[in-house]
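J.: Model the structure of this input:
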Amino acid sequence: MRSTAKWLDRVLRTPVGKLLKPRSGLLFVLSVVGIEEEGPRNTRTNTKERLVRFSVISWIVGPSLLRLRLRCDSTMKQMVNILLLALLVVTSLCASDQVITKKQPDAVPSDKGRGILVTYIANEGVLVSAGDKQVLIDALHREYKFAYAFPPPDLLRSLESAASPYNKIDLILVTHIHGDHFHPLSVGLHLQNNPKARLVSSEQIAEGVKKDFSGFGTIEKRVDRVPHEWKRKVELNVAGINLKGLGLKHSGANFSWIQNLGYIVELNGTKILHIGDADMTEENFSSLGLVEEKIDVAFIPYWFLLSNTGRAIVQNQIRAKHVIAVHVPPAEAAQVAEQVKLAYPGALTFTHILETTPVPFKIFQSPFTIPS
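T.: Here you go, the predicted structure:
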């Protein structure tokens, strides 16, 4: 990385560094291992970079240590070893970058400042971040059934109490009332503990929170009800965020009573689509004009991507630039991820809680590192 090259340059400028190997040879080694890449670095120094720094220091100091040892008698060798080790530690500390910073890198670095970060919470739950805006979708739920992923206890407590980094969420979106997408107490508690957050969802969700959360009166003014009408699109602007509610049928004839509300959310010039548990039929999507919306990233139940009918809907009715498969059963995560990879190359499958990716995709693990 460029930061490693700068770090090395500072090493070579220290008193100890000037006594060691010539700079040109070291930079040659760096070029061979591909360290001097372009790009900003303002996060925790990664493992590869630390390994390279350690290797470079060892390569510099090793021969010098051996030469000094040869010049000493046996009684002095131990003292020389201690002295050289101390010099090495001081040199490294003097030259090192600041390892930890609070800021997360931009999701997609560009001169227009566009891009988003997506963090997987559980099942279909995601946190989407862009600049100073954060949207939480289908993430406030509790353990429901064995087949569905849910936020583990520590994460759930952080979400419900709006502890950092979840204290800056602007919008809470819920697609429908099923327990693997929504829990009224979890939603109510977050709203109560995060006075800036607003809930945008269907009448069923709003009534569910009102019925089961005793403190509803304190949060009612921040609950926005979106009418659910099949095939209808509703435009909104809440908390300075443009979004659209999509009237979609829930899958399964026995769930026809459920108000499944999809969402298009625009953040930082990027359009996100979340369809909840939408019925996998062309009629369910054809009147919503999703192709014309030019969706950047779509969160799609994984079974769409494993079905000819579902793939046709994704390709012809949605046509998103990036697709992320969600609602993956934990017990089948590895198998489903492999199936999605084969059936829909280029799609990403969320299987690890708190895995985070920028759009375009480049997976890295970053639990509890939502941009401040």
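
J.: Show the residue spans covered by the helices in the stretch 201-350 of the chain.
T.: 203-212, 216-219, 282-286, 290-293, 302-305, 308-313, 333-343 (DSSP state H, counting those that start in this stretch).

J.: what mean pLDDT would you report for the last one?
T.: If you average the pLDDT over helix 333-343, you get 97.

J.: Which elements pack onto that helix?
T.: With contacts defined as 3 or more Cβ pairs under 8 Å, 6 or more residues apart in numbering; DSSP states H and E, helix 333-343 has these neighbours: helix 302-305, strand 322-326, strand 348-349. (C-beta placed from N, C-alpha, C; glycine too.)

J.: To Tyr120, which of the ones you listed lies closest?
T.: Among those, the nearest to Tyr120 by Cβ to Cβ is strand 322-326 (7.8 Å).

J.: Which strands or helices does that closest one pack on?
T.: The contact analysis (3+ Cβ pairs under 8 Å, 6+ apart) places strand 322-326 against strand 297-301, helix 302-305, helix 333-343, strand 348-349.

J.: Mind listing residues that contact that strand?
T.: Contact with strand 322-326 is made by 118, 120, 123-124, 126, 296-302, 305, 314, 336-337, 340, 344, 346-350, 357, 359-361, as judged by Cβ atoms under 8 Å, 6 or more residues apart in numbering.

J.: Among the residues you listed, name the buried ones.
T.: Taking 16 or more other Cβ atoms under 10 Å as the criterion, what is buried in the contacts of strand 322-326 is 118, 120, 123-124, 126, 296-302, 305, 314, 336-337, 340, 344, 347-350, 357, 359.

J.: contacting residues around Arg232?
T.: Leu246, Gly247.

J.: Show me what counts as buried in the host helix or strand of Leu136.
T.: Assigned by DSSP states H and E, Leu136 belongs to strand 133-137. For strand 133-137, burial by neighbour count (16+ other Cβ under 10 Å) applies to Lys133, Gln134, Val135, Leu136, Ile137.

J.: Buried ones in stretch 214-221, by neighbour count?
T.: Neighbour-count burial for stretch 214-221 flags Phe216, Ile219 (criterion: 16+ other Cβ under 10 Å).

J.: how many neighbours does Asn268 have?
T.: For Asn268, the count of nearby residues is 19 (other Cβ atoms under 10 Å).

J.: Now it: closest residue in space that isn't a chain neighbour?
T.: Ala130 (3.6 Å; Cβ to Cβ, 6 or more residues apart in numbering).
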